[in-house]
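Novice: Fold the following and give me the result.
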Amino acid sequence: MIEQLKSFRQQAERVRDQSIARDWNVKIGNYEFPLRKTTVKIVQWAQKIGDVAVQFSPSPGAGVWAVISSILQEVQTFDTEKAALLSVVDQVSGAIFCSEVYYEIYTVERTGRRDVVDKLHDQLRDLYLCILNVLLASTRLSRNTVVQFCQAIFDAEKPSEMLSEMQDREQSVAKMASYCEATAHAHYGTQFRMYLQTADEHLHIIRHSLDQLVQSVHQQERRDILEWISKIQYGRHHDEIDEKRKPGTGEWLPKDEKVEQWMHCESSGILWLQGTPGTGKTFLTSALIKNIKETRKSPTEGFAFFFCKRDESDRRMALPVLRSIVRQLAAPITDGEGIRKSLREARAQSINEGSQLGFRGCDEQLLESVKLYSTTLIVLDALDEMIDEELITLIDHLNDLICKTRDHSVVKLFVSSRPENNIASMFKLIPSIEINSKDNKADIQKYIEEEVEAFKKRNPESEVNEVMDQIISGILEKCDKMFLWAALQLQQVLKCDTKEAVKEALQKLPPGLDDTYDQIYSEIQTRQNHEQTIAENAIRWVMCAPYPLPNRVLLTAVRIFSENGQVSTKDVVRESTLLSICQNILVLDSAGKWRFSHLSVREYFECHHVTYHFALSHCVRICFQSLHKIYDASEGFNKFTSVKYKQSSSTDENIFDPENEFSVHLSEEWPFYANLLTEDSPETIFVKQWLGSLDKSSPSYTRWVRQPPRKLRYQSPQFRRFREDLSPYDTPIFSIASFSLYELLRKWFENRRIDPYRRNERSQSLLEITAKVNCLPFCEYLVSCGVSPSTIYDQVSFSNAIDWAAVNNNVTLLQRLVCAAGVQIDLLPQTSWNGTAIAAAACKGNLDVVRYLVEEGGVDVDFLHQVGQYGSALAAAACKGNLDIVRYLIEECQANVDLILQAGSHGSALAAAVHSENLDVVQYLVEKAHATVDLLLQVGYYGSALATAAYRKNTEIVQYLVEDCKADVNLLLYAGEYGSALTAATCHGNPEFVQFLVEKCRADVNLLLPAGNHGSALAAAAFYGNFEVVRLLVQGCKADSNLLLQVGDFGSTLVAAIVRSRDLEMIKFLIQEGKADSNLLVQAGDYGSPLVAAAGCGRLDVVQYLVEERNAEVNLPVQVGKYGSSLAAAICSAQLDIVQYLVEEAHADVNLSLPAGPYGSAIAAAANMACLYDIIANGRFMKILQYLIENSGADVNFLPSNRAEYLTPLGIAVEAENMQFVKFFVEEVDADVNLQFRWKEYRNVLQIARSKFDKSIAVYLVSKGAVTGEEVSGI
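Specialist: Residues are numbered from 1 along each chain as shown. Prediction:
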C-alpha cells in the first residue's frame, strides 16, 4: 500500500506543478473549474493519507490507489474531460481520507464496543466498493459523458446516481463513527483529534454540496422566514433558566444511564423525566439542553427544544410548539446563512394565499427537516403546563413524525413533566427517569451553600452566619427532593436576625409547598392594609391576565381601586416594593414581565385564598370602569391627542391617558376579560355600561371605536378587526358579533329587536361575522329573525355564513344554516375564494363537514365552480394535500378525477395536487384514481400537470410523471401563461432543472408554442432575465435564437430579452453566441424588430450597441407592432436622447411612411403623444415634437404614401380638441389648414372640427383660411 501511495503522491505533485505553470480555469457546464486549486488539494490529500497510512496498518482502502494513479497518469493536458476527472479524484481522495481516519482510530480497544466497530467496518467496505465503481465509471465513459457525470460534483439539484450514492455512503460512515466517538473520545491524543477535525471539515463540505434542500439566502430574508415560522424566543427562555441555575447543578442528568442510552441509541425513541412540583425539572432540562448544545455540534444532527408555560398562550398550545421546532430545524446548526428551500417556498405561498403555517404544514416541514440529519433530538419541558387537548395533539404529531421517519432517520424525543394521570397514561410504556432524593440532594446542597456564601458576603456582621451549618443541614434533611421548597425555605430563614430566631424557624419548617405558601401568605397578611391590598391586586391581575403583564402595566394596575362605582388611584408602587411585599410569590422575568414564580403558586392561590372568580371580579370591575375614564370626554379625552394628560408630567395623572401602557392594555384586551364572564355574573353590568345598549352605544365606547387600538389580540385567526369592522358605531352590535358576546348579553336580545340585516362598513353581515367566530347561539338567533345564510354581503371576499361554518369545521352550525337556507346547497351563491362550502371544507381538511355536505346535504362532488381558486371540491382537497378527503371523494363519492375545471388556478385535481408538491396525493390520483397525466386544461396558470410541476421546479414529481406515467414533455398547451412544460421551467427555474428536462425528459427546446405569453422556452428565459438558463439552452441545447414566434408580446427571443431584461451582456450573448439576427423582422408582438424594442423600452445602451456594432437598420420597414419604426417607438416612450441619437447618429428618416402602428409617421406619433399625454409627461413629448420640427426636417404636413387614412399633426390636435396644439401647429409651424386626406368620412381638418360639440376650433380654423372640401379645387 505504501508504494501505491507514493505513486499516487508523485502523480498528484506532477499534475499540480503543471497546473501552477499554466494557471488555467476550465469550464464544466455552468461552473468555473479552478485547476490549480483542485490539484493542490489532491496533493494535500495524498500527504494526509500518507501520514495516516505510515502510522497504521493497511486499511480496506488500499485497492483504490492503483486506479487513482492510473487516472492521474493520463492527465498530460488540461481540457474539460481531464478537469472533470480531477474533480472526481479530489472528491474520492477526501472520502478515502475520512475513511482511513475512522478505520484507524475507532478500534475495539478504544471504543470497547465490538458491535459498533463491526458496523463501522461494514459501512467502510460499502463505501470503498462505491468509490471503486465511481473511479472505474469515470475512466470508461466517453468524453462528453464524463463531463456530464462529473458536473454532478458541483450540482446541488441533480447529482448523478453514483456520486449521490457515494455521498450517502460517506454520511452513513460518519454516522457510525459518531456512535464510536461517544465511547472513544477519551482514549486518543492530539494527533488523532487533528485527523478527526480534518475529516469532519471534509464531510461538512460534502454535506454542503449534497444538501439540495438548503439554499443560501440574504440574512434579512433568512430572518424574515424564521420570524414567519415562529416569533417565540425559545433561546431567551432557555437563557433565563440557565442563568438562574447555579453552576454545577443539574449535571447528573446528562450523565444518567438512561439519558446516555437515549442519546447513543441507534433508533428513535422517547425518554420521560418525571417529578412532582418543585423538584427542579425545568432546571434539569435546561442542564440537558446546555450539554447537548455544547457537546453535539455536528451538522448531521438536528436539535430543537421548547419550554412550555401555562400563563403564555403561545407556550401552552400545540401549534406554536411545533412551529418553534420547525424554525429550529430549518437548516443545519452550522449553516448560519442557509434555509430549506421548501420553507422559503412555503412562506411565499403562504403570503400569496394570506395563510399561516398550520399543523399540516408543520408536519410536512418537519419531515423535510429530518431528512437533513442522521439524528434529530427534540427536548420539551413542562408538558403538564399545556392544555390537555393541546398536549394530546402535540404528542400525536411528534409520534407520527417518529413513525414516518423510522426507516431512514433517527428522531429522539425527551420530555419532562409532572406525573399527572393523563401524561402518565400517555407515557406508561416508555422509559422514564423519576427524580428522587439521591439525584437532587447534591444539587440542592450546592445551591444552598452558594446562597449561604453570598449571604455571608452581604452580611459579614450577622450572627446568623454562626449557625449556617445548622441551616444547611436542617433544610437538606426536610427538603425531600423539592428544589423549590428548599429555595423558598432558605429565603425565609435568612430573613431572621438572630440565632434563636433561626433555630425556631428551622423547627417550624413547613412540610410541603402548600404549607410553605401558607407561611408566606400569612406574612403578607401581617403587613399594613394598603400593602396587603397591593399584593392581592397583583395576584389577581397575574391570575386573570391573558398573558404575563409588562412591568409598568402591573405596577399601574395594582394601584387602581374601585370605590362607589368609580376608579381611583393610590401612590406609585415601585418594582422593588412589589417584589418585597409579594415575597417570591411573584417574579419579574428577564423580559420585564410579571408571572407566578412557579406553576404550583398559581394552583395554590386558585385553591385557597384568592379564588379565580373573586380575582376576575376585581379585574373586570377595574377594566371597564377605567375604560369609561380613559374615553370620557369630560376627563379631557380627544380622539386625536390626549391633550389634558400630555400637558402634565405627573405619572399619577397619566394613568388614564389612552397612550398609557395600562390604558392600551385595557383597550386591546377588554373583549378577553368580558368573555371570562358568564351571563349570570354580577360583573356583566360593567360590560353593559361600557357598551351602552343595543339601540345606542355609550359615549365612551363610541370614542373607543373611533380611535381603535393598534392591535386587538382577542380575535379569531380568520378575522382582523379594524374600525371598519366595528362600524357604524351608533350601536355596539358589531362588537357583540365580532367578540362573541351574545351569550353574555342574551337578555338584551330578549327585550329588544335589532335589525338583523345590518352590515358593517366592509359590507359584512352580522350572520357572516358571527359564523366567522363560530358563535352558534347568535347565528341561531339571527336565522330565527329571517336572515338568509346564503346571502353574500362581504364585498372583499364575497363569502357567506355557510362558507365560514365549513371552514371552521362546525357541523352543527352548518346543519342549522343549511336548513335555514331552504335551498339545495349546490344552488347557493358561489364565493370568490373557495367557490362552494364543500371546497372550503375540503381545502381546510374538514372531513366531517365534507361527509355531511355529501351524505346529508346532497352536494354534487363534481359540481363545477364558476368562481374561486380551486374549481371543484376534489381540486381543493388535492391542492392542500388532504389525502383522506381526496380518497373519500373518489372512492366513496365517485368524483371524476379528470373533471375539466372552468375556474381556479390549476385546471384539474391532478394539477392542483402537483402544485402543492404532495407526491403521495399525486401518486394516488394517477395510480389509484387513474388520472390522465396529459389532460389538456382549460383554465389555470400552467396548462397541464407536468407544466405545473416544471414551474414548481419539483424534480421528483417531474421525474415521476415523465418516467413512470409517460407524460408528454412536449405537449402543446392552450391554457395558462406558458404553452409548454419547458417554458414553465425556464421562466423561474434554474439551469440544472432545465437541463434535467431537456436531457432526461427530452424536452424540445425549439418547440413553437400556440399559446402563452412568450412563444418559446428560450424567449421566456430571456424575458425573465435568466441568463444561466439562456446560456444553457443556447450552448448546451442548441436552441434557435431566430425562431419566429407565433404568440406573445415579442415575436423573437432577442426582442424578449431587450424588453424585460436589464442585462446587456445577455443581449450580447444572444447575438454573438446565439447568432440572433439584429434585423430580424418578427411576425407577432408589439415591436416588430429588436431595434424598435430597444427604442421603445428606453434602452439607449442597447440601441447604440445594435446600431454601431451589429449594423441594425434604423429605417427597417417593420410590418407588425404598435410603433412602425424605432424612431416612432422612441418618441412614444418619451426618450428624447434616443430620438436625438437615431436622427443625428443613425440617420433615421423622420418622414418615413410607417406600415405598422396607428400613426403613419414619426411626426404624427409625436403630435399624438403631445396632445394626449404631455401634461402627465411634464412636457417631454412637446420637447420631442419641437426637436423633430426644428432640428430634424420633419414635415408637419407629411401624409404617409401608404397610410393615407391617417391624420397630419394638425388633424390629430383637432380630433383631440386641443386648442393649444391647434394654434401651435397653425401659427408657429405653418400647418396647412386645407390639406386634404382620407379619414373615415372627413377629408380635412375643418370637417373634423365641425363634427365636435365645441365649435371654437372650427371658428378658429375658418379665421385662418380653412374651407370645406367642396371649395377646394384639384382634390
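Novice: and the closest residue to Asp1254 other than its chain neighbours, how far is that from Ala1249?
Specialist: In space, and not counting its chain neighbours, Asp1254 is closest to Glu1217: 6.3 Å by C-beta to C-beta, 6 or more residues apart in numbering. Where you see a C-beta, it was placed from the backbone N, CA and C, and this is true even at glycine. From Glu1217 across to Ala1249, the span is 9 Å (C-beta to C-beta, to the nearest Å).
Novice: joint contacts of those two?
Specialist: Jointly contacting Glu1217 and Ala1249 under the rule C-beta atoms under 8 Å, 6 or more residues apart in numbering are Ile1257.
Novice: Gly786 - how many residues pack around it?
Specialist: Here the number of neighbours of Gly786 (other C-beta atoms under 10 Å) works out to 9.
Novice: And stretch 244-253, end to end?
Specialist: Distance between the boundary residues of stretch 244-253 (C-alpha to C-alpha, to the nearest Å) amounts to 17 Å.
Novice: quick one: buried residues of that stretch?
Specialist: 245, 249-251, 253 (16 or more other C-beta atoms under 10 Å).
Novice: Ok, stretch 956-973 next?
Specialist: Neighbour counts over stretch 956-973 (16+ other C-beta under 10 Å) mark 957-958, 960-962, 965, 967, 969, 971-973 as buried.
Novice: element containing the most centrally placed residue in the chain, please.
Specialist: Centre of the chain computed as the mean C-alpha position; nearest residue by C-alpha atoms, centre = their mean is Arg347, 2.2 Å away. Here Arg347 sits within helix 341-353, counting by DSSP states H and E.
Novice: Give me the mean pLDDT for whichever helix or strand comes after that helix.
Specialist: Heading C-terminal from helix 341-353, the first helix or strand you meet, by DSSP H and E, is helix 359-371. The average of the pLDDT scores along helix 359-371 is 88.
Novice: Check the offset of helix 359-371 from the chain's centre.
Specialist: Offset of helix 359-371 from its chain centre (C-alpha atoms, centre = their mean, to the nearest Å): 13 Å.
Novice: what about Glu1228, neighbour count?
Specialist: 11.
Novice: the strands in the protein, which residues?
Specialist: For the chain, the strands defined by DSSP state E occupy 25-28, 31-34, 214-216, 269-274, 301-307, 338-340, 375-381, 410-417, 432-434, 560-563, 566-569, 586-588, 594-596.
Novice: picking up where we left off before, mind checking how far the residue nearest to the centre of the chain is from Gly235?
Specialist: 21 Å.
Novice: Next: Ile1212.
Specialist: When distance is defined by C-beta to C-beta, Ile1212 is 69 Å away from Gly235.
Novice: who's more crowded, those two?
Specialist: Ile1212 (27 against 10).
Novice: So for that one, what's the nearest residue that isn't a sequence neighbour?
Specialist: Per C-beta to C-beta, 6+ apart, closest to Ile1212 is Ala1167, 4.7 Å.
Novice: Next, count neighbours for the one you found.
Specialist: Neighbour count for Ala1167, taken as other C-beta under 10 Å: 31.
Novice: So Asn654 sits against Asn660, correct?
Specialist: Yes: the pair Asn654 and Asn660 passes the contact test of C-beta atoms under 8 Å, sitting 5.5 Å apart.
Novice: Next, the contact list for His930, please.
Specialist: So His930 contacts Val897 (C-beta under 8 Å, 6+ apart).
Novice: ok, now how distant is Ala801 from Ile957?
Specialist: Separation of Ala801 from Ile957 (C-beta to C-beta): 38 Å.
Novice: Check the gap between the residue lying closest to Lys1075 once chain neighbours are set aside and Glu1113 for me.
Specialist: Nearest residue to Lys1075 in three dimensions, chain neighbours excluded: Ser1041, at 6.1 Å (C-beta to C-beta, 6+ apart). As judged by C-beta to C-beta, Ser1041 and Glu1113 stand 18 Å apart.
Novice: Please say which of those two ends up with more neighbours.
Specialist: A count of neighbours by other C-beta under 10 Å puts Ser1041 above the other of Ser1041 and Glu1113, at 24 against 15.
Novice: Quick check, pLDDT for the residue nearest to Ile1212.
Specialist: Ala1167 carries a pLDDT value of 91.
Novice: Could you double-check that it lies in contact with Ala1213?
Specialist: Yes: in terms of C-beta under 8 Å, Ala1167 counts as a neighbour of Ala1213; the distance is 6.5 Å.
Novice: so what sits against both of those two?
Specialist: Common neighbours of Ala1167 and Ala1213 are listed as 1221, 1225 (criterion: C-beta under 8 Å, 6+ apart).
Novice: where's Pro460 relative to Ala737, distance?
Specialist: Distance of Pro460 to Ala737, computed by C-beta to C-beta: 67 Å.
Novice: ditto for Glu1144
Specialist: 70 Å.
Novice: Compare these two (neighbour count), which wins?
Specialist: Legend: neighbour count by other C-beta under 10 Å for Glu1144 and Ala737, higher for Ala737 (28 against 11).
Novice: Quick check: beta-bridge partners of Ser562?
Specialist: Note on Ser562: beta-bridge partners by DSSP bridges are Val567.
Novice: just for the stretch 201-350 of the chain, where's the confidence low?
Specialist: Residue ranges of the stretch 201-350 of the chain with pLDDT under 70: 201-218, 297-299, 332-338.
Novice: hmm, back to that, need the phi and psi values for the residue nearest to Lys1075.
Specialist: When quoted as degrees, to the nearest 10, the phi and psi of Ser1041 stand at phi -80, psi -10.
Novice: What's the separation between it and Leu997?
Specialist: 19 Å.
Novice: cool, and Ala674?
Specialist: 59 Å.
Novice: and if you look at Val922?
Specialist: Per C-beta to C-beta, Val922 is found 17 Å from Leu997.
Novice: Can you name the residues in contact with stretch 844-852?
Specialist: For stretch 844-852, the surrounding residues in contact (C-beta under 8 Å, 6+ apart) are 360, 805-807, 809-811, 814-815, 837-838, 841-842, 873, 877, 880, 882, 884-885, 888-889.
Novice: Next: stretch 894-908.
Specialist: With contact meaning C-beta under 8 Å, 6+ apart, stretch 894-908 is reached by 835, 861-862, 864-875, 879, 889-890, 909-910, 912, 915, 925, 929-932, 935, 937-945, 948, 975-976.
Novice: Counting neighbours, which of the residues you listed end up buried?
Specialist: For those, a burial check counting by 16+ other C-beta under 10 Å picks out 835, 861, 864-865, 867-875, 879, 889-890, 909-910, 912, 915, 925, 929, 931-932, 935, 937-945, 948, 975-976.
Novice: Could you tell me which of those belong to helices?
Specialist: When DSSP state H is applied, the buried ones among the contacts of stretch 894-908 are split such that 873-875, 879, 909-910, 912, 915, 945, 948 fall in helices.
Novice: Closest one to Asn1197 out of the residues you listed, please.
Specialist: Closest approach between those and Asn1197, by C-beta to C-beta: Thr948, at 57.1 Å.
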